[in-house]
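Engineer: Here is the input, now give the coordinates:
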Amino acid sequence: MLSQAELAQLLGVKQSRVSQYEQGSYPPLLVALAYQVVFGKKLHVCFSDLYAEIEENVINRAVELDRAVRGKRDRISVRKQELLTTIVGRATSRQAA
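Structural biologist: The predicted structure follows:
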């Protein structure tokens, strides 16, 4: 097991930052990616609570956008609907797993 100081060195941050991350603060993207490298786990696993929150927000916004383009038959709107359906479907299948 790594100490906070050792993990901080690998992440390229101060030990106090590691302590903050352990207490629930979320790191910036570059540090989050470093976590992924250190632990060999994907970001949605390393930060599962944050990921779930972001996923829910994105799904809600996708549903809102879908309502705005629903019923439109032009090529761009149809492509948008396909993308939005994929986003919601991907999240729904992950939640069911």
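
Engineer: what domains does the record give for this protein?
Structural biologist: 4-42, 49-96 (automatic domain parsing).

Engineer: mean pLDDT lowest for which of these?
Structural biologist: For the domains of the chain, mean pLDDT drops lowest on domain 49-96, to a mean of 89.

Engineer: That one spans what distance, first to last residue?
Structural biologist: 16 Å (Cα to Cα, to the nearest Å).

Engineer: Now do stretch 23-32: everything it contacts.
Structural biologist: Contact with stretch 23-32 is made by L11, G12, V13, R17, Y21, Y35, L43, C46, F47, L50, as judged by Cβ atoms under 8 Å, 6 or more residues apart in numbering. To be clear about C-beta, it is placed using only N, CA and C from the backbone, and glycine gets the same treatment.

Engineer: what two of those residues are the furthest from one another?
Structural biologist: Using Cβ to Cβ, the pair of the contacts of stretch 23-32 lying farthest apart is G12 and L50, separated by 20.1 Å.

Engineer: related to what we said a few turns ago, out of the contacts of stretch 23-32, which end up buried?
Structural biologist: Listed as buried from those are L11, V13, R17, Y21, Y35, C46, F47; burial here means 16 or more other Cβ atoms under 10 Å.
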